[in-house]
Every structure is written in structure tokens, then in C-alpha cells.
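# need a 3D model of the following:
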Amino acid sequence: MQKVTAILLGAGNRGAQAYAPYALNYPHELDIIAVAEPDDERRAAFVFAHQISQDYSFSNWEQLLAQPKIADIAIICTQDQMHYYPTLKALELGYHVLLEKPMSPSPEECVEMELMAKKHNRLLTICHVLRYTAFWTAMKRVIEEGRIGQIVNIQLNENVGNMHMAHSFVRGNWNNSDTSSPMILAKSCHDMDILSYIMGEPCERISSFGSLMHFKSENAPVGAPARCLDGCPAEATCQYYAPKYYLGTGRSWAGKFTTDTSLEGIIEALHTTPYGKCVYHSDNNVVDHQVVNMEFASGATAMFSMCGFTRDNTRILQIMGTKGDIRGNMEEHEFTIHDFVTNEQTTIHVQASEEGHNGGDAGIIRSFLREVRTYAGGESESSASVSVRSHLMAFAAEESRVNGGKPVVIEELHKRLATV
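Predicted structure coming up:
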């Protein structure tokens, strides 16, 4: 098997912990030979783990991409608003690119990246990892076999989980659309993509409602300080009290924002990083709940609901077809098919994976490497062209939401972008 060489731009949680471990677990398939990461500790740890030469260790992506092409692929895991320029430069240099989702908070930039990949005849694959999990691929196979007939309606609930909501979207990197992306794009472009994948046809119209309802200053406990460790009077009754998250059973979460996961290191980080802030006194502005209504080309409809106030972190769905329906729960790794004609029920249980996103993180790397080795033109399973369509669904949903739920026609949105 031909080994593929890679450079990594951004050695944060997704880059270093989700995708790069594939190179350590399957060194005969992938070798990461260079890294760009502004955080000195993260960069040093990554260089050590992957035995990278100091000559190929850079503090920013501009330095790395100023070099001639040195590898086969570029894995780009910078922050959302830092995807556009490194992607264009990597494609121009001749790299096949694996890009963390979302492509960009700008719809114009998404379209431009798609066109640039075609211009340079390179793969640009977006990390919609759900497509590569056993749960969704098994469900897609059942639908393609015609076992529930034609899809009429899909109901998909994304239970974000209250801890995940507070960690990533109130205190964390994706808490403010001015510096990252709207919630529907940052978190739920996965869901727009998987709905598009399951339906297998274009979405034509969208409307949406949602708001930031709870995580704002007027809902703070009386006397709550800016930081949890500054003597909060609601310490015993607030479910979002930071030490309860990061020093208790959720201690592993602290590793996502500090390299020093000793008790002393975590406490210091809670005094100095956004993860120690009161959730009611943070600079967040993304919604904490949202619903999206969709109409597809065949007339089929879908309803998506995202909510940050759930016990579990999973996706629950019902797919209703003309001959049967499917009901499933990702966390339980199974779905049930009900045949309307025979009245039989069949439960499909897929093997749970210990790898990230139920195997999706490793699955997309494995698929991408196979596509790179055999590349002769064409596009990948989750190419930029495919992803632009689902990104436009997210952009349309956000446009509808901020305009009071007014429906948005996807094709009209696409035409507006094409003239920019």
C-alpha cells in the first residue's frame, strides 16, 4: 500500500486528536511530516508525537505554505474563519485537501473554494464525518434497497447535550458567530449534510426559527461573578459551575483547553481561560435552540431540531416512507425498520466504535487516503461540491431565522452568490 504524506495546519482538538492519530495507528498508510500551530505547547507536543523535524515545524500556516509542495495532502483544521486562504494556497500548490467543517462562515468563500479545487484538479474533501459511520451508512443502504419505499418526511433531533453546549458553544471556540460561525453552521452543518445524504436529492426551500434564550446575563443567578471561581453564591445549585465540569467526572474535557491536566493546571486555566467564565457572563451570541423546516425536490419534507438543553448528546430520527418507517438513535447504535405490508419489525444494530464520532473520524481519513491513491479526476464522497449544497442549506436556514422565519429558496440564494 502506498504511504501518503501529509502536512497539518492547526494542531488543536480536531487536528491533533481526531485526524492525526490515524498516522500513529496506521503508520504504513499515513505519515504527517510537517505542522503549523501557533500554540507553542501544542506544536511541541505534536512534533514529538509524530517525530517531525524542527525544519518542518511552523508557528503559522503562512510559513508552512510558503515552502514548495512537500507532501501529498494538506489537512486543514484551523478555526472556521481561517479556512479560506490556506485552502486556496494549498490547492494552488498542488495538495489534495482535507478540510475541517464548516468550509467557511462566508457562503461566497465556500463557492470560491469549490471552484478553486476544480480549477487545480485537486480533491477538496470536507469533514462531514457522519457519512462515514456505520450507523448512517447502514441506514442509507436500507433506504437505497427500497425497504421503506419513497421518503415522505424526516424528523431529525440533534440533542447537543447541556455540557457540550456550555463547553463548546457558550464558553468555547464556537460561542460567537462574529469570530466563528452561526450555530446552524458550526454544529449542525453535519445535520444539513446528513439530511441531504439520506434524501439523495436537492433541498429547494427552507424556513427556520430559533434564538439565544437562556445563556445571557439577565438569567444569571443573583450575585454571580464573571468567573465561577470568584466566589459564586450559586455554586451548589448551578449545573454549569465550571469546577463541577472540569474537576469532577468531566475532567477529560479539560484536556481540550489546557495541556496541563493536573488539578493545579486545570484550576489555573479556570482562572485565566474562557472555560472558567460564568455561562451567563460570557461573550456568546449563538442560538441555544433552533428548528429548520425543509422541502426537497420530490415534495418530501424534513424537520430538524437542535437543542442545547438535553441530558444526552446524540441524534434521534424518524424517516417515514411510503412502504415503512425507520426510527433510530445514534447513541444506541441501532435503528428499527417497520414494514407496513408485513407489519414486521427489523432492528439493525451496528457495532459501536471507540474511535471519534463513532468511527467517522478514522473513516473519513481512510476513505480520503484511498481516493488520493487512486485519483484520476472526479470528486470524493464528501467533496466541496457536495458540501456547498448542504452549506447553502445552513446559510438559508440562518437567513430565514434572522428574518423572522421567512422562507428562503435555495436556488435563488445560489444565484445571488454567483453574481457576487
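
# show me the helices in the stretch 1-150 of the chain, by range?
In the stretch 1-150 of the chain, the helices defined using DSSP state H, counting those that start in this stretch lie at 21-25, 40-50, 61-65, 84-93, 107-119, 134-144.

# so which residues make contact with the third one?
If you take Cβ atoms under 8 Å, 6 or more residues apart in numbering as the criterion, helix 61-65 is touched by 7, 9-10, 34-36, 56, 58, 76, 78, 82, 86, 89-90, 93. Backbone N, C-alpha and C define where each C-beta goes, glycine included.

# got TSV for the helices of the stretch 1-150 of the chain, with mean neighbour count, distance to Leu195 and mean pLDDT too?
As requested, the helices of the stretch 1-150 of the chain are arranged in TSV below (neighbours: other Cβ atoms under 10 Å; distance: least, Cβ to Cβ, whole Å; pLDDT from 0 to 100):
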stretch	mean neighbour count	distance to Leu195	mean pLDDT
helix 21-25	17	27	96
helix 40-50	16	34	95
helix 61-65	19	32	97
helix 84-93	20	25	97
helix 107-119	19	18	93
helix 134-144	17	11	95
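
# any idea what Arg205 is bridged to?
Note on Arg205: beta-bridge partners by DSSP bridges are Glu295, Val409.

# now the strands: where do they sit in the stretch 251-400 of the chain?
Under the criterion DSSP state E, counting those that start in this stretch, strands of the stretch 251-400 of the chain are mapped to 289-296, 301-307, 314-321, 324-329, 334-339, 345-349.

# re the thing from before, among the helices of the stretch 1-150 of the chain, which comes closest to Val222?
Among the helices of the stretch 1-150 of the chain, helix 40-50 comes nearest to Val222, with 38.5 Å by Cβ to Cβ.

# among the helices and strands of this protein, which has the poorest mean pLDDT?
helix 410-418 (a mean of 83; mean pLDDT, DSSP states H and E).

# in it, which residues are buried?
410, 413-414, 417 (16 or more other Cβ atoms under 10 Å).

# tell me the spacing between Cys232 and Ala269.
As judged by Cβ to Cβ, to the nearest Å, Cys232 and Ala269 stand 17 Å apart.

# could you do His28 as well?
Distance from His28 to Ala269, counting by Cβ to Cβ: 37 Å.

# before we move on, what about Asp260?
Noted for Asp260: a distance of 7 Å to Ala269, by Cβ to Cβ.

# and the two? Which one has more around it.
Just comparing Asp260 and Ala269: by other Cβ atoms under 10 Å the higher neighbour count belongs to Ala269, 20 against 14.

# got a list of what the closest residue to the more buried one other than its chain neighbours touches?
Nearest residue to Ala269 in three dimensions, chain neighbours excluded: Thr258, at 4.1 Å (Cβ to Cβ, 6 or more residues apart in numbering). Shown in contact with Thr258 (Cβ under 8 Å, 6+ apart): 265-266, 268-269, 273.

# equivalent analysis for Arg389, please.
Counting by Cβ under 8 Å, 6+ apart, Arg389 has contacts 196, 202-203.

# so of those, which ones are in helices?
Among the contacts of Arg389, the members found in helices (DSSP state H) are Ser196.

# looking at the contacts of Arg389, which is nearest Arg227?
Ser196 (41.5 Å).

# picking that back up, pick out whichever of the contacts of helix 61-65 sits closest to Val47.
Distances from Val47 to these, taken by Cβ to Cβ, are shortest for Val35, at 6.4 Å.

# so the closest one makes contact with Phe48?
No - if you go by Cβ atoms under 8 Å, Val35 and Phe48 don't touch, sitting 10.9 Å apart.

# count the neighbours of Ile33 for me.
Neighbour count for Ile33, taken as other Cβ under 10 Å: 17.

# equivalent analysis for Arg251, please.
By other Cβ under 10 Å, the residues close to Arg251 number 13.

# my guess is it contacts Ile266. True?
Yes - with contact defined as Cβ under 8 Å, Arg251 reaches Ile266; the gap is 7.3 Å.

# circling back: tell me which two of the buried residues of helix 410-418 sit farthest apart.
Farthest pair in those, by Cβ to Cβ: Ile410 and Leu417, 10.7 Å.

# can you name the residues that contact Glu204?
295-297, 409-411 are the contacts of Glu204 under Cβ under 8 Å, 6+ apart.
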